[in-house]
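Participant: What shape does this take:
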Amino acid sequence: MTGFPESLPIARTPDPTSAPALRWGVLGTGWIAERFVGSLQRHSSQRVVAVGSRGSAGAASFAERVGIERAHGGYEALVADPEVDVVYVATPHNVHLPCALLALEAGKHTLVEKPIGLNAGQAREIAEVAQRRELFCMEAYWTAFLPKFDVLRQILDAGVLGELTAVVADFGEWFPDDHRIRRPALAGGPMLDLGTYLVSFVLDVLGSPDHVLARGVPTGTGVNGQTAMIMTRGRQQAVLHTSLLSNTPTAATIAGSQATIRIDGPFYQPGGFTLTASDLTASLRYEEPLDKHEALHFQAAEVARRINAGETGSPLRPLSVSIEVLRVMDEVRRQTGDLFREERDGR
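Facilitator: Residues are numbered from 1 along each chain as shown. As a prediction, this is how the structure comes out:
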């Protein structure tokens with residue numbers, strides 16, 4: 001075995017507290033919004049100054065709970081706030097499009113929680129408005145900005161794995177019957193919440209697939225329960241599975257002719273991985289704190305740096321990649337018959 005490194009690369013991720021401080025407004029008061037705000041407050045230089053919700057009571061309660069200065073009882077009021085530099089859209093999936101367009105048309109730089117839209121068409125519409133208004137816009141795919149994934153990128157770019165042959169990954173999580181992911185009216189099912197991590201991972205490692213084969217299992221309540229996918233690109237293959245019916249390891253493997261990377265579950269969060277030579281004669285271990293959603297601040301720091309530099313996107317998650325991920329997911333859902341209500345209504 002030749003070419004196996006003596007040590008792993010060091011993450012090049014800048015210190016989040018060194019990013020220019022921007023004033024953030026948050027659209028939405030749900031689970032992810034609260035974790036995003038908390039992460040920024042505890043680990044970054046960013047300032048969250050306002051929150052907007054559909055009603056005044058919800059906005060005021062959220063603002064008091066997390067320590068935000070101003071609460072707006074309406075999305076329009078939030079995007080019109082002159083003290084807000086950038087808007088984070090954390091509303092349910094099926095209203096990402098109108099909320100993102102609202103913020104952009106109001107002249108605000110915008111970070112949209114993943115997925116940026118229900119489908120590739122919606123993502124293109126957001127990208128077109130951002131380009132026309134010459135504003136920063138990005139999907140909040142936080143995984144791309146974690147130190148672990150910078151180390152992985154360096155390993156792959158250096159060709160340590162040799163010829164890439166396969167990606168194997170899963171993401172299964174059990175959700176109760178009353179959770180929003182099980183509700184057809186909120187674009188439920190595993191693909192938008194969980195499957196987006198799997199498809200993004202494949203595109204990051206292998207690139208866009210030439211062929212996609214997918215099969216789904218419905219829940220009988222109007223949303224899909226689980227989906228299995230096989231994606232091929234030339235001689236490379238990805239085998240993926242996502243489910244909202246049960247918990248699975250949520251681990252991932254990148255296999256090559258010279259070495260293999262096994263990423264601990266949950267693979268999309270901070271954590272460890274092991275690089276092992278194909279002949280099993282050498283192995284290296286990467287470890288980092290299991291901070292879970294405390295690490296959401298890395299993407300916010302990237303947004304602040306790019307906006308401060310006058311840029312309209314990030315090379316770590318350009319809108320073109322977000323659109324392509326949704327295009328592949330659209331094909332998966334076409335094969336499984338997983339159509340959202342907005343798509344049936346022509347929106």
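Participant: Was I right to think D170 contacts L240?
Facilitator: Yes: with contact defined as C-beta atoms under 8 Å, D170 and L240 form a contacting pair (6.8 Å). Bear in mind the C-beta positions are built from the backbone N, C-alpha and C, glycine included.
Participant: Counting by contacts, list what the longest helix anywhere in the chain packs against.
Facilitator: Longest helix in the chain by number of residues, with DSSP state H as the criterion: helix 319-336. The criterion is 3 or more C-beta pairs under 8 Å, 6 or more residues apart in numbering; DSSP states H and E, and the helices and strands that helix 319-336 contacts are helix 120-133, strand 137-140, helix 196-205, strand 211-218, strand 224-233.
Participant: Taking strand 224-233 as reference, get the angle to it.
Facilitator: Computed by axes from the mean of the first three to the mean of the last three C-alpha atoms, to 10 degrees, the angle separating helix 319-336 from strand 224-233 equals 120 degrees.
Participant: What sits closest to F62 if chain neighbours are left out?
Facilitator: The shortest distance from F62 to any non-neighbouring residue, by C-beta to C-beta, 6 or more residues apart in numbering, is to T29 (3.9 Å).
Participant: wait, what's in contact with the one you found?
Facilitator: Applying C-beta atoms under 8 Å, 6 or more residues apart in numbering to T29 gives the contacts V51, S53, G58, A59, S61, F62, A90.
Participant: I'd like to know which of the helices and strands packed on helix 319-336 is closest to E343.
Facilitator: Each of these was scored for nearness to E343 using C-beta to C-beta, and the closest is helix 120-133 (9.0 Å).
Participant: now the angle from that closest one to helix 319-336?
Facilitator: 160 degrees.
Participant: How far does the helix-or-strand element of the chain with minimal mean pLDDT sit from its chain's centre?
Facilitator: Ranked by mean pLDDT, DSSP states H and E, the helix or strand of the chain with the weakest confidence is helix 341-344, at a mean of 84. Shown here is helix 341-344, whose average C-alpha point lies 23 Å from the average C-alpha point of the whole chain (C-alpha atoms, centre = their mean, to the nearest Å).
Participant: Next: stretch 72-83.
Facilitator: When C-alpha coordinates are averaged (C-alpha atoms, centre = their mean), stretch 72-83 and its chain have centres 25 Å apart.
Participant: likewise stretch 154-162?
Facilitator: Mean C-alpha position of stretch 154-162 versus that of the full chain (C-alpha atoms, centre = their mean) differs by 23 Å.
Participant: Now that stretch: buried residues?
Facilitator: The neighbour-count criterion (16 or more other C-beta atoms under 10 Å) identifies I155, L156, V160, L161 as the buried residues of stretch 154-162.
Participant: Which element, helix or strand, includes the second one?
Facilitator: Meaning L156. helix 147-157 (DSSP states H and E).
Participant: And for the last one?
Facilitator: Remark: L161 resides in no helix or strand, with elements defined by DSSP H and E.
Participant: I figured it hits T276, correct?
Facilitator: No: if you go by C-beta under 8 Å, L161 and T276 don't touch, sitting 10.3 Å apart.
Participant: From P318, how far out is Y141?
Facilitator: Using C-beta to C-beta, to the nearest Å, one obtains 11 Å as the distance from Y141 to P318.
Participant: Excluding sequence neighbours, find me the nearest residue to P147.
Facilitator: Leaving aside its sequence neighbours, P147 sits nearest to A11 (C-beta to C-beta, 6+ apart; 3.6 Å).
Participant: for I307, same thing?
Facilitator: Residue nearest to I307 in three dimensions, not counting chain neighbours: F136, with 4.9 Å by C-beta to C-beta, 6+ apart.
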